[in-house]
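Peer 1: Turn this into a structure:
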Amino acid sequence: MVTAEPRPSASLTGTTQPRPPVRGVFPVRLTLPSDWELTDDVLSEMGSLNELWRFEVDKSGCLLIMSPSFPLSGIRAGRILSQLVVWSDEHNSGIVADSSSMFRLPNDEVRVPDTAWISDERLQSVSEDLEGAWHICPDFVVEVRSGSDQLADLQIKMEMWVSQGARLAWLVDPYEDALWIYRPEQEPERLQRPDRVTATEIADDLVIDFTRIWPDRKARDGHG
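Peer 2: Below you'll find the model as predicted:
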């Protein structure tokens, strides 16, 4: 069960929740010829030749061209990642992956999460070369909504993560000040601008501080 310390709802009174800026419609879905095989090596080479973009593959075999990470979304994801790294290192528990890490899932989708944690136990099942794509689903996944992301698309992606083996998946939406929590075979839970959230599905002492992740509405609106 996730425990959280939400800020009082009154603190948002009178503020306007901004819409995310639209910088194109992403992801771009490309249907490829049936004889094209998007192997791990091909995807890796595409990434090295087109460093601005991230590539994923959905369950229908379509190539997804993901938007580049804009600075604010990258900073927010980095603040979560850094806390995960500290916790993982302190407990000598698993490894943490960033947004350059590619995972091929049980249903053959290829996905690149913003932040992920993989337990030592699950890592032992990786039989492939550790320098290549890992054919595994992370235990814990975090996605951060950016200005080009459609919320509905990300919600579908979060459902995919838990259906493929993630024990916990968080969707951080700074445009609605919301954290969506996904667990296998459960309805998603929505927390409004929480300060701290404990990922008890992973560990009772894994607590992520969100106080520097949410936008400063008062500063943005000229109220201080």
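Peer 1: show me where pLDDT drops low in this protein?
Peer 2: Per-residue confidence for the chain (pLDDT under 70) gives these ranges: 1-25, 69, 127-132, 217-224.
Peer 1: how about a cut-off of 90?
Peer 2: Applying pLDDT under 90 to the chain picks out residues 1-30, 32-41, 43-56, 59-61, 63-74, 93, 99-102, 123-134, 146-150, 216-224.
Peer 1: Show me the residue at the heart of it, geometrically.
Peer 2: Per CA atoms, centre = their mean, the C-alpha nearest to the average position across the chain is that of Glu143, at 1.8 Å.
Peer 1: Does that residue belong to a helix, a strand or coil?
Peer 2: Following DSSP: H, G, I helix; E, B strand; the rest coil, the label given to Glu143 is strand.
Peer 1: Thought Pro174 was touching it, still the case?
Peer 2: No. With contacts counted by CB atoms under 8 Å, Glu143 stays clear of Pro174, the gap being 11.9 Å. Placement of C-beta: from N, CA and C, glycine included.
Peer 1: follow-up on the earlier one: measure the residue nearest to the centre of the chain to His91 for me?
Peer 2: 24 Å (CB to CB, to the nearest Å).
Peer 1: so what's Leu81 up against?
Peer 2: By CB atoms under 8 Å, 6 or more residues apart in numbering, the contact set of Leu81 is 96, 98, 114-115, 142.
Peer 1: Show me the residues you listed that map onto strands.
Peer 2: Applying DSSP state E to these, the entries found in strands are 96, 115, 142.
Peer 1: Can you report how many residues neighbour the last one?
Peer 2: Here the neighbour count serves as a burial measure; for Val142 (other CB atoms under 10 Å) it reads 25.
Peer 1: need the contact list for Leu171.
Peer 2: By CB under 8 Å, 6+ apart, the residues touching Leu171 are 142-143, 145, 154-155, 158, 179-180, 182.
Peer 1: Run through the bridge partners of Ile95.
Peer 2: Counting by DSSP bridges, Ile95 forms beta bridges with Ile118.
Peer 1: can you count the residues close to Ser60?
Peer 2: Close neighbours of Ser60, defined as other CB under 10 Å, add up to 8.
Peer 1: Kindly report the same for Gly61.
Peer 2: Using other CB under 10 Å, Gly61 is surrounded by 14 other residues.
Peer 1: could you pull out the strands for this structure?
Peer 2: 3-6, 28-30, 54-57, 63-66, 95-97, 103-104, 110-111, 115-118, 140-144, 168-173, 178-182, 189-192, 194-198, 207-209.
Peer 1: just checking, what packs against the third one?
Peer 2: Contacting strand 54-57 under the criterion 3 or more CB pairs under 8 Å, 6 or more residues apart in numbering; DSSP states H and E are the following elements: helix 40-49, strand 63-66, strand 110-111.
Peer 1: so which of those comes closest to Arg193?
Peer 2: Of all the helices and strands packed on strand 54-57, it is strand 63-66 that lies closest to Arg193, at 26.4 Å by CB to CB.
Peer 1: Any idea how far the closest one is from the middle of the chain?
Peer 2: 16 Å (CA atoms, centre = their mean, to the nearest Å).
Peer 1: In contact with Arg122, which residues?
Peer 2: Counting by CB under 8 Å, 6+ apart, Arg122 touches 94, 136-139.
Peer 1: Sweet, I'm off.
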